[in-house]
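J.: here's a sequence, model it:
(one chain, ligands or ions: 2)
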Amino acid sequence: MARTIGLFLVFLFSTGTLSAQPTEELKRQLDETREQIKKQQEIIEGQKVKIEALEKALRERIPPEMVELELLQRESIERGKKVYSSKGCIECHGEEGQGGKGPALKGVTLKYGEEFLVLSVTNSAISHGPKPLMPAFTELQADEVRDVINFLATFVPGRENQERIERGKRLWNKLGCLQCHGLKGEGGVTGPALIGITKKYKYDWVRICITTPAVHHGRKTEMPAFSEVPFMDVEAVIDFMNTF
Ligand code: HEC
Ligand code: HEC
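T.: Residues are numbered from 1 along each chain as shown. Ligands and ions are numbered 1, 2, ... in the order given. As a prediction, the model looks like this:
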């Protein structure tokens, strides 16, 4: 009992008033203060980014117009990073785009065109086939999508791609691409050579060539449609083709 009274007094003093306020009100104030601190921290983070950019510009004698562009880009990346974690992309694609439940996103912006990337993020059923595992983020505003894509561009491709290439190679043989296009895309009796194909076309177009070749070659093509092959397998095959 004495302890309870003690706690009660501490409570009164800490609120700075003797009229006991209902806890709801205190909770609201606490939330509000936390929210204010968060906003101020965000401003400080933003200014730190700006300072870094300005310091770099001074060091490297970059003209002011370029600095302005660089700053806008950096701000966009910072906002994109927030979208990436608040929308749960991080849960499936990993903090550094290393992948997990979803594919690795390292180098993804080098592979795809802007349009396909936007579709990948907002409406995955169009870009990822009829049964996408990734949720469609239709609620994202156009500038948020651009920000998150700018953030994805900061993921640098690394060694983990090697595993995907190995898997792609196995699939290349298993799916029978080998029979028509040769062991390393050198071409065969039935299929054309595919050397340099991923340099010639963007990944999204190569994907269409594989999953729905009629779009590319017309209805009567001899290239079979691999429309049932899961997205991530097609992805691995294209990574393998990237080595041709
Ligand atoms: C529930 C897990 C999950 C979440 C959350 C998720 N993704 Fe995905 N993502 C996937 C999967 C799985 C794929 C492969 C396509 C499919 O099966 O839907 C994919 C594919 C992609 C691709 C195309 C990758 C490629 O190599 O072709 C991009 C880009 C992408 N996601 C970005 C995002 C962004 C940005 C967010 C957050 C706004 C996000 N994803 C949230 C699971 C997820
Ligand atoms: C039965 C033989 C056959 C098989 C199996 C086959 N292809 Fe093809 N592929 C073709 C032919 C033929 C073409 C050319 C189509 C045309 O001109 O109508 C082609 C075209 C392509 C193209 C477009 C080339 C270009 O320059 O436009 C790609 C990419 C491709 N194939 C990838 C693959 C992959 C990946 C696999 C395995 C998943 C595969 N193919 C399996 C016969 C085949």
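
J.: for the helix ranked longest in the chain, packing partners?
T.: When the chain is scanned for its longest helix (criterion: DSSP state H), the result is helix 23-60. If you count contacts as 3 or more Cβ pairs under 8 Å, 6 or more residues apart in numbering; DSSP states H and E, helix 23-60 packs onto helix 64-86. Where you see a C-beta, it was placed from the backbone N, CA and C, and this is true even at glycine.

J.: give me the mean pLDDT for the helix or strand following the helix it packs on.
T.: Beyond helix 64-86 on the C-terminal side, the first helix or strand identified by DSSP states H and E is helix 89-93. Mean pLDDT, helix 89-93: 95.

J.: how about the helices in this structure?
T.: 2-15, 23-60, 64-86, 89-93, 108-111, 114-122, 124-127, 142-152, 161-174, 177-181, 197-200, 203-211, 213-217, 231-241.

J.: give me the domain ranges for the chain.
T.: As given by automatic domain parsing, the domain ranges for the chain are 42-152, 161-241.

J.: including distance to P22 and mean neighbour count, could these go into TSV?
T.: Supplementary listing: the domains of the chain in TSV, determined by distance: least, Cβ to Cβ, whole Å; neighbours: other Cβ atoms under 10 Å:
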stretch	distance to P22	mean neighbour count
domain 42-152	31	15
domain 161-241	53	16
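
J.: which one is E45 nearest to, not counting chain neighbours?
T.: Once flanking residues are discounted, E45 sits nearest to E78: 7.0 Å by Cβ to Cβ, 6 or more residues apart in numbering.

J.: ugh, typo on my part, it should be S127
T.: On the basis of Cβ to Cβ, 6+ apart, the spatially nearest residue to S127 that is not a chain neighbour turns out to be L119, at 4.1 Å.

J.: cool, M223 as well?
T.: Distances taken as Cβ to Cβ, 6+ apart place P213 nearest to M223, at 4.1 Å, with adjacent residues excluded.

J.: isn't that neighbour right up against S227?
T.: No. At 9.6 Å, P213 does not count as touching S227 under the criterion of Cβ atoms under 8 Å.

J.: what's near enough to touch the nearest residue to G182 once chain neighbours are set aside?
T.: Counting by Cβ to Cβ, 6+ apart, G182 lies nearest to G188, which is 4.9 Å off, once chain neighbours are set aside. Remark: with contacts taken as Cβ atoms under 8 Å, 6 or more residues apart in numbering, G188 is in contact with 179-182.

J.: how about G188, phi and psi?
T.: For G188, the backbone dihedrals are phi -140, psi -160 (criterion: degrees, to the nearest 10).

J.: for K220, same thing?
T.: When quoted as degrees, to the nearest 10, the phi and psi of K220 stand at phi -90, psi 30.

J.: so what pLDDT did it get?
T.: The predicted local confidence for K220 is 76.

J.: kindly report the same for K111.
T.: As predicted, K111 sits at a pLDDT of 76.

J.: measure the spatially most central residue of the chain to ligand 2 for me?
T.: The centroid of the chain falls nearest to L152 when counting by Cα atoms, centre = their mean (4.6 Å). Applying Cβ to the nearest ligand atom, to the nearest Å, the value for L152 to ligand 2 is 24 Å.

J.: dump the residue contacts of that residue.
T.: Remark: with contacts taken as Cβ under 8 Å, 6+ apart, L152 is in contact with 80, 84, 97, 105, 108-109, 117.

J.: make it 6 Å
T.: With contacts defined as Cβ atoms under 6 Å, 6 or more residues apart in numbering, the neighbours of L152 are 105, 108-109.

J.: over to S124?
T.: Contacts for S124 were tallied using Cβ under 6 Å, 6+ apart; they are 132, 134, 136.

J.: same check, this time on A236
T.: Taking Cβ under 6 Å, 6+ apart as the definition of contact, the neighbours of A236 are 164, 167-168, 171.
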